[in-house]
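**Student:** Compute the structure for the input listed below.
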Amino acid sequence: MLPSDFGTYYEPFLGAGSLYLALQPKDAHLGDALEPLVVTWQAIRDVPEDVLGSLQEWSFGKETYDWLKRQKFTTAASRAAQFLYLNRGAYGGLWRVNRAGEFNVPWSAPKTPSPTDEENIRAVSKVLSGGTHLHCAGFAETVASARQGDLVFMDPPYSKGRPERPFIHYNEKLFDWDQQVLLAAEAERLRKLGATVLVTNSTHPDIKELYPNFETQDLKRHSSLGSAPTRSMHLIERVFISQ
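**Tutor:** This next block holds a predicted model:
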């Protein structure tokens, strides 16, 4: 699905940055609206040894995990280490906060003996240092400078379709239907500019209606989140590809 050659790479829903790390482009703009996540990427790029130093100070277990959930660190390195630790120890690797902004995912007794992957953190830092710009911003701001020949990968929170009764989602702050509509419009704008645009989302027909000028390809993926340890789910997701 990817072009053999492209200019600048854009990923406005960064998350784990899997495609970015697979491609390792020379020029990239990466963004996300989740501020602790972007701080973590920035610290790994700028002060990886400080991040590792903080991680190595904490034993890996439920008691330390519960203590870290309550801490308010001020340095980028400590905040990044906290984020990585909680992500590794949390159930399903979730990042979820309550209305007060407090992290509230329970400890999951992970099989890994440590939250620290020194080799990987140093390798990611090296990739990030080669011409990557990080933005704590919404998707439109992150891709604002994209032009013809660039590659844009958008992996937003997936939608269950247009809400029949909007008040059901009245407290949804993550990414509501209006945001899905705006995202589709931004993808169409970039398509018209001549950028290659890939958007992942659910296979719901309401989502497909938002991308009339895009080709589609459906993919099946494995997920164990929310299921019993002996069972798993196979989910279908759709990739929208600019023509």
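
**Student:** In space, what's closest to residue 128 - neighbours in sequence excluded?
**Tutor:** Residue nearest to residue 128 in three dimensions, not counting chain neighbours: residue 45, with 3.7 Å by Cβ to Cβ, 6 or more residues apart in numbering. (Each C-beta comes from the backbone N, C-alpha and C, glycine too.)

**Student:** pretty sure the one you found is touching residue 132, no?
**Tutor:** Yes: under the criterion of Cβ atoms under 8 Å, residue 45 makes contact with residue 132 at 7.2 Å.

**Student:** Identify the contacts common to these two.
**Tutor:** Counting by Cβ atoms under 8 Å, 6 or more residues apart in numbering, residue 45 and residue 132 have no shared contacts at all.

**Student:** where does the protein dip in pLDDT?
**Tutor:** 164-173, 223-234 (pLDDT under 70).

**Student:** For the chain, which segments count as helices?
**Tutor:** Taking DSSP state H to define them, one finds helices in the chain at 18-23, 35-46, 48-56, 62-69, 76-89, 118-128, 139-142, 177-193, 205-209.

**Student:** gap between the second one and the chain center?
**Tutor:** Right, helix 35-46. Its chain's C-alpha centre and that of helix 35-46 lie 12 Å apart, by Cα atoms, centre = their mean, to the nearest Å.

**Student:** in that helix, what counts as buried?
**Tutor:** By 16 or more other Cβ atoms under 10 Å, the buried positions in helix 35-46 come out as 36-46.

**Student:** outside of it, which residues touch it?
**Tutor:** Everything outside helix 35-46 that qualifies as a contact, by Cβ under 8 Å, 6+ apart, is 14-15, 17, 30-32, 50-51, 76-77, 79-80, 83-84, 95, 121, 124-125, 128-129, 132, 134-136.

**Student:** could you redo the last one with a cut-off of 6 Å?
**Tutor:** Residues from elsewhere that reach helix 35-46 (Cβ atoms under 6 Å, 6 or more residues apart in numbering): 32, 51, 76-77, 79-80, 83, 121, 124-125, 128-129, 134, 136.

**Student:** For my notes, please list those in CSV and give neighbour count and distance to residue 66 for each entry.
**Tutor:** Formatted as CSV, the contacts of helix 35-46 follow (neighbours: other Cβ atoms under 10 Å; distance: Cβ to Cβ, whole Å):
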residue, neighbour count, distance to residue 66
32, 23, 26
51, 29, 21
76, 17, 23
77, 22, 22
79, 21, 18
80, 29, 20
83, 22, 16
121, 19, 24
124, 18, 28
125, 19, 29
128, 23, 31
129, 12, 34
134, 21, 30
136, 18, 27
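
**Student:** circling back: how about CSV for the helices of the chain, with distance to residue 107 added?
**Tutor:** Below are those laid out as CSV (distance: least, Cβ to Cβ, whole Å):
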stretch, distance to residue 107
helix 18-23, 25
helix 35-46, 18
helix 48-56, 17
helix 62-69, 4
helix 76-89, 6
helix 118-128, 22
helix 139-142, 32
helix 177-193, 32
helix 205-209, 35
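
**Student:** now for those, which one comes closest to residue 151?
**Tutor:** Closest approach to residue 151 among the helices of the chain is made by helix 18-23 (8.2 Å; Cβ to Cβ).

**Student:** Enumerate every residue touching residue 153.
**Tutor:** 11, 19, 198.

**Student:** if you set the cut-off to 8 Å instead, what comes out?
**Tutor:** Contacts of residue 153 (Cβ under 8 Å, 6+ apart): 9-11, 19-20, 198.

**Student:** how about the nearest residue to residue 96 once chain neighbours are set aside, phi and psi?
**Tutor:** What sits nearest to residue 96 in space, not counting adjacent residues and going by Cβ to Cβ, 6+ apart, is residue 105, at 5.2 Å. The phi/psi pair for residue 105 (degrees, to the nearest 10) reads phi -90, psi 130.
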